[in-house]
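Student: Have a look at this fold, sequence not included:
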């Protein structure tokens, strides 16, 4: 069991997402940085979608009541196992009564803690992900706090020392590849040129639902309103303020504003790790190119799992 | 402009494909909120749910479009579009299956009908007349969204349409039944909102303890029937003891 000593700023149990219930109005939830969570799971020889703990800005402190192997991935946070510094993307062994402490973010926004076999929480509508809005899924439908106890199975193998390279979340302009969205034809060429050419800044108005950007205003040829349609993780919505909002893992299932673009799924991790003040530039790619990028990422995880 | 409209052979409804990067393809039918267009959306969702295309994860039906989520490591968008086009070609407007009607009890007592006076004032009708009109015919569920289980219903009688509150409430109670413009609906969970509240249902349209957490789906109908405060309390008790079942009937969806 993992017993929480302090829960950090916002630590929740998440898996790859809750699929099949969006038609009923349930957001997909799931990890914000799928690549990081999958990397940690693959290093542990887990199913890449196994439940992990997503920590935000400031991590948790907890003790292991039984032996397991664990791995941190994603944003680089100050982390220790007892007194030993812990690196991301490396598997360590935790003995009974060891204490893991994950402090403040050094780079990135979200850090993932994965253990052998994944954390065990009851599935809600087929998923272990926490849906904070309805208070369901994950650990009692809420963020983790002191005295919480989360189960994990006895480890099946010994993945100690397995490691992968650590992606860096730099302070330079983040290049985000995006495909013209379902309503990109509501914007004229000049407006589209501005969207793909100019620099946007990540504001502090950012959470698991979405990221509001500051930058050039974008107006549709005849407004930004549409008959509500489906939203995906990565949809770039232009509300009437003209300032883009990128919809993230806890997005509403439908929305009534024009979507100028959709971020390639391969680049969502960069957004999940973006901090207020970071600069973003969008580059236009095709559906086929976005698919190639996604398949390449999937292959990387498969190779890592089988290595 | 419908680029891929099925006008060439005259077969199937008008539609076009809209891209959502490597995650989903949206099938956009004619941009018109009508029963006819919405029926294509739910019919296509039903056909897809029946299986036959590997790599589809789920679909999200809305007023005039269906967003189809796919796994691009199983099927690529180009192939998915071809397969969807094949299906849509075979769909005809004359198609109509049977639909479920969920009969939902609503208590219009002043305890819950916080804005009935506004609706009376705006419409010039009495509360009795408003209740009679509100419960007189079934409403089509065009789509679910905004909140888990929040149904966008069509077909509100124009005589009781009332603009939303000028400043929305910070919290509307679970089960609240309201009118917002020319729409009516139920709040499945407590939420901020600006609708004029005219009643409350004891039925839990969203209940995680049920195998099907949401009672209904897009394409079904909701019909309200009035209950007194006493009956409301009785039904609420029955629901707690698991002794109340929402009445469901079938209609030919013509």
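Tutor: Nice, I can see it. Because the structure is predicted, anything quoted here is derived from the model rather than measured.
Student: residue contacts, residue A:195?
Tutor: Counting by Cβ atoms under 8 Å, 6 or more residues apart in numbering or on different chains, residue A:195 makes contact with A:187, A:216, A:218, A:244, A:260, A:261, A:282. Any C-beta I mention is one placed from the backbone N, CA and C, and that applies to glycine too.
Student: Show me which of those is closest to chain B.
Tutor: Using Cβ to the nearest Cβ, residue A:261 comes nearest to chain B of the contacts of residue A:195, at 8.1 Å.
Student: so where's chain B shaky on pLDDT?
Tutor: B:1-10, B:93-96, B:253-254 (pLDDT under 70).
Student: Show me where it has its strands.
Tutor: Ranges of strands within chain B are B:15-20, B:24-29, B:56-61, B:65-70, B:98-107, B:139-144, B:151-154, B:169-172, B:176-180, B:183-186, B:191-193, B:196-200, B:221-227, B:247-252, based on DSSP state E.
Student: same deal with the stretch 201-307 of chain A?
Tutor: A:210-214, A:225-230, A:235-238, A:245-247, A:254-263, A:279-284 (DSSP state E, counting those that start in this stretch).
Student: Output the ones you listed in TSV; the columns should cover mean neighbour count and distance to chain B.
Tutor: Shown next, in TSV, are these (neighbours: other Cβ atoms under 10 Å in any protein chain shown; distance: least, Cβ to the nearest Cβ, whole Å):
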stretch	mean neighbour count	distance to chain B
strand A:210-214	20	15
strand A:225-230	22	3
strand A:235-238	26	7
strand A:245-247	24	11
strand A:254-263	25	4
strand A:279-284	17	11
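Student: Pick out the shakiest of those, pLDDT-wise.
Tutor: Per-stretch mean pLDDT for those is lowest at strand A:225-230 (a mean of 92).
Student: gap between it and the chain center?
Tutor: 25 Å (Cα atoms, centre = their mean, to the nearest Å).
Student: a helix runs through residue A:39, doesn't it?
Tutor: Yes. Per DSSP: H, G, I helix; E, B strand; the rest coil, residue A:39 lies within a helix segment.
Student: was I right about it contacting residue A:164?
Tutor: Yes. When contacts are counted by Cβ atoms under 8 Å, residue A:39 is listed as touching residue A:164 (5.7 Å).
Student: Can you work out which residues contact both of those two?
Tutor: A:89, A:304.
Student: Which one's more surrounded, those two?
Tutor: residue A:39 (28 against 19; other Cβ atoms under 10 Å in any protein chain shown).
Student: Please tell me how far that one sits from chain B.
Tutor: Relative to chain B, residue A:39 is positioned 17 Å away (Cβ to the nearest Cβ, to the nearest Å).
Student: And residue A:289, by the same measure?
Tutor: In terms of Cβ to the nearest Cβ, residue A:289 sits 9 Å off from chain B.
Student: show me the contacts for that residue.
Tutor: So residue A:289 contacts A:177, A:179, A:264 (Cβ under 8 Å, 6+ apart).
Student: taking the mean pLDDT, what do you get for the host helix or strand of the first one?
Tutor: With elements delineated by DSSP states H and E, residue A:177 resides in strand A:174-180, which encompasses its position. Averaged across strand A:174-180, the pLDDT comes to 97.
Student: Stretch A:85-101 too?
Tutor: 98.
Student: Could you tell me how far that stretch lies from the centre of the chain?
Tutor: 22 Å.
Student: end to end, how far does that stretch reach?
Tutor: 10 Å (Cα to Cα, to the nearest Å).
Student: Strands of the stretch 51-200 of chain A, residue ranges please.
Tutor: If DSSP E, counting those that start in this stretch is used as the criterion, the strands of the stretch 51-200 of chain A fall at A:52-56, A:61-64, A:68-81, A:84-85, A:91-94, A:99-115, A:149-150, A:174-180, A:200-206.
Student: Turn those strands into JSON lines, columns for mean neighbour count and distance to residue B:234.
Tutor: Formatted as JSON lines, those follow (neighbours: other Cβ atoms under 10 Å in any protein chain shown; distance: least, Cβ to Cβ, whole Å):
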{"stretch": "strand A:52-56", "mean neighbour count": "27", "distance to residue B:234": "45"}
{"stretch": "strand A:61-64", "mean neighbour count": "20", "distance to residue B:234": "48"}
{"stretch": "strand A:68-81", "mean neighbour count": "23", "distance to residue B:234": "52"}
{"stretch": "strand A:84-85", "mean neighbour count": "8", "distance to residue B:234": "63"}
{"stretch": "strand A:91-94", "mean neighbour count": "20", "distance to residue B:234": "55"}
{"stretch": "strand A:99-115", "mean neighbour count": "22", "distance to residue B:234": "49"}
{"stretch": "strand A:149-150", "mean neighbour count": "15", "distance to residue B:234": "41"}
{"stretch": "strand A:174-180", "mean neighbour count": "20", "distance to residue B:234": "55"}
{"stretch": "strand A:200-206", "mean neighbour count": "17", "distance to residue B:234": "47"}
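Student: partners of the helix or strand of chain A with the lowest mean pLDDT, with directions?
Tutor: Lowest on mean pLDDT, DSSP states H and E among the helices and strands of chain A sits strand A:225-230, with a mean of 92. When sheet partners are counted by DSSP bridges, strand A:225-230 sits next to strand A:254-263 (antiparallel).
Student: All set, thanks.
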